[in-house]
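S.K.: Quick one: sequence and predicted model below, then my questions.
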Amino acid sequence: MKKLFLFLLSVVWMMTGCSSESGYKNVAVDEAEKLIAEGKVEVIDVRTQEEFASGHIPGAKLLPLQEIESRMDELDKEKTYLVVCRSGNRSAQASEILVKEGFKHIYNMTGGMNEWKGDVEQ
């Protein structure tokens with residue numbers, strides 16, 4: 001019984017360690033839409049100016065991935081951000097950078113604008 005308890009305890013410990021490893025939370029497009037609709041996040045779009053101009057989530061702030069470290073002072077570490085890109089790769093990179101710099105409330109939208117079904121402005 002003691003061995004079973006220790007085994008289960010170690011499994012729980014490993015699972016909680018793995019889930020917080022990245023420091024940000026991946027969310028699907030539908031969950032991202034809910035967060036935006038409820039006013040719980042500010043949207044950061046890390047695509048290029050050209051990609052952003054072709055269509056972006058209303059109210060999104062353009063902060064291209066290649067500029068994020070030099071423009072970090074434009075963001076408030078106490079706010080909650082949803083990071084988006086075209087497919088979810090650059091936004092994951094940006095989310096990692098933000099967490100490394102001390103941001104605690106970061107969501108990464110998996111699937112990116114390729115899967116976005118909500119409103120878009122140009």
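M.R.: Cool, got the structure.
S.K.: and the residue nearest the centre of the chain, helix, strand or coil?
M.R.: The chain has Asn108 as the residue nearest its centroid, 1.9 Å off, counting by CA atoms, centre = their mean. Per DSSP: H, G, I helix; E, B strand; the rest coil, the secondary structure class of Asn108 is strand.
S.K.: where's it relative to Gln122, distance?
M.R.: Going from Asn108 to Gln122 by CB to CB, to the nearest Å gives 24 Å. C-beta: built from backbone N, CA, C; applies to glycine.
S.K.: same question, Thr110
M.R.: Taken as CB to CB, the span from Thr110 to Gln122 is 24 Å.
S.K.: ok so, going back, for the nearest residue to the residue nearest to the centre of the chain once chain neighbours are set aside, which residues are in contact?
M.R.: Once flanking residues are discounted, Asn108 sits nearest to Ser95: 4.3 Å by CB to CB, 6 or more residues apart in numbering. By CB atoms under 8 Å, 6 or more residues apart in numbering, Ser95 lies in contact with Ser22, Gly23, Tyr24, Val83, Ile106, Tyr107, Asn108.
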